[in-house]
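> sequence and predicted structure are below.
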Amino acid sequence: MAEEPVTILSDDESWRRLGGVALGRLVTMFAGEPEIFPVNYVVQDRTVLFRTAEGTKLFSAVASNTVLFEADDHDVAQGWSVIVRGRAKILHTAAEIEKAERAQLMPWTATLKIHYVRVMPSDITGREFRFGPEPDPNASFA
């Protein structure tokens, strides 16, 4: 029997995959509308850590009751996607910032990003996809 085209990843495997790439997307709500922001990030202690400047991303991230964070990757044979649901928190205390700085997360663009934001997860889901041809709709499922 052929492998299933979609596999649900365990929490451990989802965090492992998330920690293996550096670019993801933060989804927030702002003025009643969804917003999506590409961010470079790191996984630290099963949280998502990113840096940002003042602006819509920062405000909407911390003002939203829930944010989503998504990252994915693929090659020619398969791909995966992981989604973290949680709350975004600006790091304020010296201990929080010191811990965040140990992650050595540097901005990708030449802009000042003085705020560390940590997504505190309430849920993580991951899926792996195996690529292949579309099944024949006329084939028997016996």
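Received the coordinates, thanks.

> how about low-confidence regions in this structure?
Scanning the chain for pLDDT under 70 picks out 1-2, 140-142.

> and the biggest strand by length in it, what's buried?
Longest strand of the chain, by residue count under DSSP state E: strand 115-130. If you call a residue buried by 16 or more other Cβ atoms under 10 Å, then strand 115-130 has these buried ones: 115, 116, 117, 118, 119, 121, 124, 126, 128, 129. For the C-beta atoms, the positions are set from N, CA and C on the backbone; glycine is no exception.

> end to end on stretch 61-79, go ahead and measure it.
27 Å (Cα to Cα, to the nearest Å).

> buried sites along that stretch?
Buried, per 16+ other Cβ under 10 Å, within stretch 61-79: 61, 64, 67, 68, 69, 70, 71, 72.

> just to revisit the earlier point, with distance to residue 106 added, can I get the buried residues of strand 115-130 in TSV?
Putting these into TSV (distance: Cβ to Cβ, whole Å) gives the following:
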residue	distance to residue 106
115	14
116	12
117	15
118	17
119	19
121	23
124	25
126	26
128	29
129	31
